[in-house]
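Chemist: okay, here's the prediction I keep looking at, along with the sequence it came from:
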Amino acid sequence: MNIVIIITVLLVSVDALFIGMYLKLQNNFKHHYLLLLAFIKLICCMIAYLLASVIMKYINFDINFLVGIIFLILALETFFAGENKQKTINISSIILFGIIISLDGVLVTMVLTIDFGQIILIPLFVTISHLLFLITGSLAASYIETSYKLQNTISASCLLTIAILNFIGIL
C-alpha cells in the first residue's frame, strides 16, 4: 500500500483517540459500542468506495468545517452540562455519532479511491485505523478516575480539540 495512503488514513483517524476518551467518560458506556462505531465506519467507507466517482462531483463544501461545527456544539453542550447531567450513551446515540464521525473517513476513502484506483484495502484500513485509535482513547480514559466535573471538562476538551483541528484543516 502506498505511503501516502497510510499517512492520510492515520492522520484522519487521530480524532478517534479523543472520541474514544470522550465516550469512555460518559455514563453507561459499553465497550461493544466501539465495535458498532467501527462497523458503521466500515459501511460508510464501503459505500464511499463504491460510489466515489459519482459522489465527488456533487460535494462542493469543506467537510472539515461541518464536522468542526458539530464537535464544537457537542463540546459546548458537554462543558456547560449541569452537575447531574452526564450523558447516557445508548445504541441510537452511538449510531448517530458513528455517522457523524464517519464523514471524514468517507471523504478520505473517496479521494484515495479516485487518486489511487480501486484498492479494496482503503476502506478496510480506514476502519481498522479508526478502531485502534478509538480503543486507545478508551483505554487512556480508563485511567482517569476523577470527579464528574473534571471528567466533564476533559470530555468537552476532547471534543473542542477535534473541532479546532477540523477548523484549521489538520483533521
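Modeler: Thanks, I have the structure now. Numbering: from 1, shown residues only.

Chemist: buried sites along the helix or strand containing Thr161?
Modeler: Assessed by DSSP states H and E, Thr161 sits inside helix 148-167. Neighbour-count burial for helix 148-167 flags 151-152, 154-163, 165-167 (criterion: 16 or more other Cβ atoms under 10 Å). Quick note: C-beta positions are derived from backbone N, CA and C, even for glycine.

Chemist: before we move on, what about stretch 22-29?
Modeler: Residues 22-26, 29 are the ones in stretch 22-29 that count as buried (16+ other Cβ under 10 Å).

Chemist: chain center to that stretch: distance?
Modeler: Between the centre of stretch 22-29 and the centre of its host chain there is 15 Å, according to Cα atoms, centre = their mean, to the nearest Å.

Chemist: now the terminal residues of that stretch, how far apart.
Modeler: By Cα to Cα, to the nearest Å, the extent of stretch 22-29 from end to end equals 10 Å.

Chemist: and the residue most central in space within the chain, what does it touch?
Modeler: The chain has Ile101 as the residue nearest its centroid, 3.5 Å off, counting by Cα atoms, centre = their mean. Ile101 makes contact with 15-16, 19, 37, 41, 130 under the criterion Cβ atoms under 8 Å, 6 or more residues apart in numbering.
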